[in-house]
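Peer 1: just to be clear, the model below is a prediction. Sequence and coordinates:
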Amino acid sequence: MAALESSIRALLRPSDQVKVVLEASVAPPLNTPETPDPSTQSQIIDESRNKRILAVVSHSDGPNTQEEGSVFILKWKTTPRPFDQSDILRVFPIFGGFSITMAQVRRETWPLAAQSTPGLLALTIKQGDIEGLDPLTLCTPNVQTLRDVLAECKRLKELADAPPASATPPLTTFSWLAPYTSKRVPLPPLFSTPQDLRIAHKPLHTRLSAAFAGEAGDDFVDIVRIRDDWIRTRVRETGSKGKRNLRIRIGTFNVNGNLPSQDLSSWIGGGAAKGGDILIPPLEEISPFSVGEVAKNPFDDSSVSESKSETTTLVSETEQEDIKHIDSEADAGPDLLVLGFQELDLSTEALIYSTSTLKEEAWCTAIFAALGERAQGYEKLASKQLVGMLIVVIVRKTLRGQFSDIKSSAAGTGIMGLMGNKGGTAVRMKFTQPATDDVKNPAPTVFTFVNAHLAAFDEMWEKRNSDYHEIVKRLQFNLGVTTTTAAVAGQEGAPVPLTCNVFETDVLFWMVNLNYRIDVPDADVRTILSSDEWAESRHETLLQYDQLKSAVRARKAFDIFSEGPIKHLPTYRFNAGLLKDELGYDLKRRPAWTDRVLYTSSTFAPVQQLSYTGHPQITQSDHRPVSAEFSVQVDLYDLPAAETAADRLFRQLNGLEDAHEDTNARVNLKIMDPSVNLGKLPYRKTVTKQVGVRNIGKVPCAYRLVPIDPESSIHPDWLKVEPMTALLLPDELVYITLTAYVDNDSASRLNIDHKELECTLILHTVMGKDHFIAVTAEYVPTCFANKLSRLTLLPGPIRSLNSSSDLLAEDRAINAPREIMRLVNWMMAPNLNLDKVFLSPADESLIDSIRECLDTGAEFPFSATPNDDKVPIAFGETLLRLLDSLPEPLVPVDLYPRCSETTSRDEAFELLDVFPPAAVNVWISVTAFLHFICQSSPDSDTKTNKIAGLFAPVLLRDSANLYSPVGRRNFLLYFIQS
C-alpha cells in the first residue's frame, strides 16, 4: 500500500496530499434489486478490469487557507508504472451535496470466490451538486481502510460545511481540481528522444486528421499535435543560449575486397584532388535533388514539402554565418571523420555474418596513416561491421569526452533477404557541449550515421528502393532501458528493451553504395562524359536520368534527404585491364554515380555542406571513393530548463483541449479582414497580402485551414497560405500571409477564360466553428503557357481577347504564332550585336517589358544598335522562355524515337513532313535564326554546342526522361550546324 500511495503522490501537485488509499471493485449495491447473478459475481472481485483505486486527497494553499478535499477514483494498474492524468476516472469534490455511505452485503449473495472473506462491504459515493456526475458503488473487503476513508471524508465535509472563521468567507471553488479533471492528454517527453525526422519534415497541417467544411476531423487528436509542436518549437527557440559548429567529414568507398594499397590522404584528410575536389559555391535555396533552371517560383521552397525540414543550405566555407567552431583551437581538420566501406570481404565464408576484424584493422591503420601529422590528434570512437560493410567513426581527441551513449546496429538484406553481403550498418551517438555558467546541464545533440550497400544491376532499381525501406525498418538501436509488456494470466509483464530507429535523431547521414544507375543507353552515357560538346551540361543532363533522383521525385525512397550538387565524374565502374574506354570505365558496365553521401536533419540542427567530390586518383578498386564535408550547427540549451519551460507552457495552455465543454470559456477567433482583394495578378509576379487573426476568447485556441470537401484542395495552385495552422493565446494576433503567383502550370489553365479569380479559405477553429476568408484577384492574361495551336487562333494580342468565342476558326488559323515571329524578326534585324545572345544572363526588367509588348501588341520600345547587347540578350531569353512555357513541346513526343534515330541532315528534314503545320513553321523559323547566330559567331562550333545544349531540352522536352538526350540533341544539330 505504501508503494501505491507513493505512485499517487507523484501524480499530485505539491499543495495536494494523499490522506487514504483504498483498493476496491466496481459493482452495483449487492443488497439491492440490481444484485448480479451469483454466477457472474466472481468477475466483480477477481477481474482486474473492474478494480479501482480510491484516494482521498486534500488541498491547502497555505497555513491560513481553508483545507478542501476530494475523492479520486483511479484505474487499477496491472503493471508497476507511475500514474498519470489519464488514469483519473472520476473526481468527487467533498462539499455540499457530497455523501458517502457504507452497507453490509448479504453473505448468501457473495460469489463462491469470496465465501471465505471476513466481510464484504458496499460503498456508494454521491455528489448531488454537480450535474452529470453519477453515483458510484464500489465493494471491498478492507473494513479498516474503509473506516479510515469514511472518517477522513467526514472530517473534510465538516470543514467544507463549517461557517467561516472570519467575516470574509473563503471562496470554495475547488479550482485546484482543474488540472486533474480536464481531459487533457499529458505532455509527452519532447526532448529525451528526438522527433522522428520523417514526421518532423512533414508540414504540421498534413499531420492532422482529415477534415473539410462543416465536417471536423478528430479535433481532440489534432489539438494535441498542434499543442506539442507549438511547445517544442517555442521552447527551443527561446531556450537557445548559443550555437557552435561541428565539422564532419564523411567518406564512402567500395573497396571490392581489396586491402589498402594506396595513399588515402586526399580522401581522408581533405587534400586537394586532381580529379575535381571542389568547394561548393554559394547556391540558391533549392532542393539538391532538383535539376534544371533555378526556379523563381516562391512556392518552390522545398522539393518534398513546405516543412522547414529542408532548411539545410549549401554554402561555401567563406559564406558560413559567424558562429564559433566547437573547438576554437582546432586546425582545419574535421572534428569527426566517419567512413563507410563496402565489399570489405568478398569471400564465401564471410556471407554468414563474418565477425573478423582483420580487414577493419588494416583499413583503420591506413586511415591514420593518411591523416599524417594530424593522426596524433585523433582516435577511433566506434565501428560496426557486417560482412563487407564497415562503418568507422574517428574523433578529435579534445572532443572525445563530449560523445556518449554510443550505439550500433546492423541489418542484412542480401541473399534470401538476410545475408550480410547487402544491407546496412549504423552508429548512433550523443554529442553534449561543455557546461557553462548559463547552461549547467546541456542537452545532447543526437547524430546517426548509416553505411549501406543496396542491390546491384541496372534493372534492379525497385529492389534498391525495397532495400532502403527494409534497412530503415530493421536498423534499431537498443537505448539501454526497458519497459514491460502487459501482464498475462495474472503474471507480471516481461521486460522489453526500449529501441529507436535511425530517424529518431537530430542529424542523419547516409554514406552508401546505393548502386542506383543512369537510365540512358550505354553509348550515350559515354558520349556525354567524354565529349567536349557536353562539357557544360554533362552532369546536369545525366542526373536527370539518375535512378536515385527519380526515386526521390516519386517519393519511393530517400525522399526527405538532401544531396550536394554532383560535379565529379561517375565513380563506377572502372577497369584496370584492357576492356575500358578512354576514361577508364569498364566496357561491360554502364558508368554511374553509385557512391553517394546523403543527409537530413531537424530544423534545430541545420547542416551546411562544404564539399562533395570523388577521388579518381585512388584506383585500387573498381569504384572511386567519395567524400563530403559538412558543418553542423549545434544548439546549446539547458535540458532541465527546457523541460521546465515546456511544463510551464503546457499549464499556460490550460483549457485548450476542453474549452468546448465550458460555455464560459468557448474558443473565439476573429478574422480582422475576411475579404481580401489581391488586385491584378500578372504572370510570374508575386503578390502578397496579410490577414490578421485574433483570439478574442478567454482560453488558448488553434486553427487549421481545411478544404470545402474531401476531393478539393485547401487553396488553388496559384495561391500559397502561411501558416496553415497556428496556436493563439488569449488576445494574441497572428498574421496569415497570402502569396499569389502564377507559374506555367496555372497560367496554362487561367489563360482560358479565367480572368476573375476567387476562392474561399475555410479557417476551422479546432474545437470551435469555421470562419471564412474570401480572396479575389484579377488575372492578367499572357501569351506564355498557351498551347501552340491556341496561339495560332488568336485574332490579335491575347489581352484583347474577351472570350474563347473570339478565337479564329481552325481553317483560318495563322501559320505561326505572331509572338514568336515578332521575337525572331526583331533579332534578325541588321546591325545587332548577337555575340552574347543565349550566352549571358538577361535583364529581368527588359524581359518583362518585351513580354508586355507581346501580350498587348504594343511596339517594342527598343531600337537596334550595334553597341547595345543587353536588349538582344533579353530578346533571346524571352524567346527561350516562351518556347519552354508551351504546355506541350514543340516537337510531338511520339516523334522522339524517330528524331533520335535520325542519322543524316536529309533524314531530319524529311521528318518535318509529319510535324503539325504550326510546329513545322515555328521549327523552321527558330532553327533558321539559331543557325544564323551560330554561323555569325567567331567561334561557331563552341556557340553551336552551347545553343544545342540550351534548346534541345526545350524544343524536344522529355519530361518523363524516356528518350536519348544525345539523339534529341543531334536532331537539332542537323538544322543549326553548317
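Peer 2: The structure has been received and is ready for your questions. Residues are numbered from 1 along each chain as shown.

Peer 1: C-terminal to the helix or strand containing Ala702, what's the next element?
Peer 2: Secondary-structure assignment from DSSP states H and E places Ala702 in strand 701-706. Sequence-wise, the next helix or strand downstream of strand 701-706 (DSSP H and E) is strand 719-722.

Peer 1: could I get the average pLDDT for the next helix or strand after that next one?
Peer 2: Next in sequence after strand 719-722, counting helices and strands by DSSP H and E, comes strand 725-728. Here strand 725-728 scores 97 as its mean pLDDT.

Peer 1: ok now strand 725-728, how far from the chain's centre?
Peer 2: In terms of Cα atoms, centre = their mean, to the nearest Å, the centre of strand 725-728 is set 20 Å apart from its chain centre.

Peer 1: which strands and helices sit next to that strand?
Peer 2: Other elements packing on strand 725-728 under the criterion 3 or more Cβ pairs under 8 Å, 6 or more residues apart in numbering; DSSP states H and E are helix 219-239, strand 687-695, strand 701-706. Just so you know, the C-beta spots here come from the backbone N, C-alpha and C atoms, and that holds for glycine as well.

Peer 1: let's see that with 10 Å instead.
Peer 2: helix 219-239, strand 687-695, strand 701-706, strand 733-740, strand 756-765 (3 or more Cβ pairs under 10 Å, 6 or more residues apart in numbering; DSSP states H and E).

Peer 1: return the most buried member of those.
Peer 2: Comparing the helices and strands packed on strand 725-728 by mean neighbour count (mean count of other Cβ atoms under 10 Å), strand 701-706 ranks first with a mean of 25.

Peer 1: quick one: Val439 from Arg247, how far?
Peer 2: 22 Å (Cβ to Cβ, to the nearest Å).

Peer 1: so the two - more neighbours on which side?
Peer 2: Arg247 (22 against 19; other Cβ atoms under 10 Å).

Peer 1: packing partners of whichever helix or strand the more buried one is part of?
Peer 2: In the assignment (DSSP H and E), Arg247 maps to strand 243-254. Applying 3+ Cβ pairs under 10 Å, 6+ apart, one finds that strand 243-254 contacts helix 265-268, strand 336-342, strand 389-396, strand 445-453, strand 507-513, strand 595-601, strand 607-614, strand 626-635.

Peer 1: swap the cut-off to 6 Å and go again
Peer 2: In this structure, strand 243-254 packs against strand 336-342, strand 507-513, strand 626-635, with contacts taken as 3 or more Cβ pairs under 6 Å, 6 or more residues apart in numbering; DSSP states H and E.

Peer 1: contacting residues around the last one?
Peer 2: Read it as strand 626-635. 240, 243-252, 267, 445, 507, 571, 595, 597, 604, 606-612, 614 (Cβ atoms under 6 Å, 6 or more residues apart in numbering).

Peer 1: how about stretch 397-407?
Peer 2: If you take Cβ under 6 Å, 6+ apart as the criterion, stretch 397-407 is touched by Asp327, Asp335, Gly377, Glu379, Ala382, Arg428, Met429, Lys430, Phe431, Thr432, Phe477.

Peer 1: tell me the predicted confidence for Ser347.
Peer 2: Confidence score, pLDDT, at Ser347: 77.

Peer 1: that one and Gln544, how far apart?
Peer 2: In terms of Cβ to Cβ, Ser347 sits 39 Å off from Gln544.

Peer 1: kindly report the same for Phe909.
Peer 2: Counting by Cβ to Cβ - Phe909 and Gln544 are separated by 28 Å.

Peer 1: now Ser175
Peer 2: Ser175 is 65 Å from Gln544, by Cβ to Cβ.

Peer 1: check Gln608 too.
Peer 2: 26 Å.

Peer 1: neighbour count for those two, which is higher?
Peer 2: Neighbours per residue (other Cβ under 10 Å) separate Gln608 from Gln544, with Gln608 holding more: 22 against 19.

Peer 1: okay, now the residue lying closest to the more buried one once chain neighbours are set aside: neighbour count?
Peer 2: Closest residue to Gln608 in three dimensions, ignoring its sequence neighbours and counting by Cβ to Cβ, 6 or more residues apart in numbering: Ser631, at 4.5 Å. Under the neighbour criterion other Cβ under 10 Å, Ser631 is assigned a count of 23.
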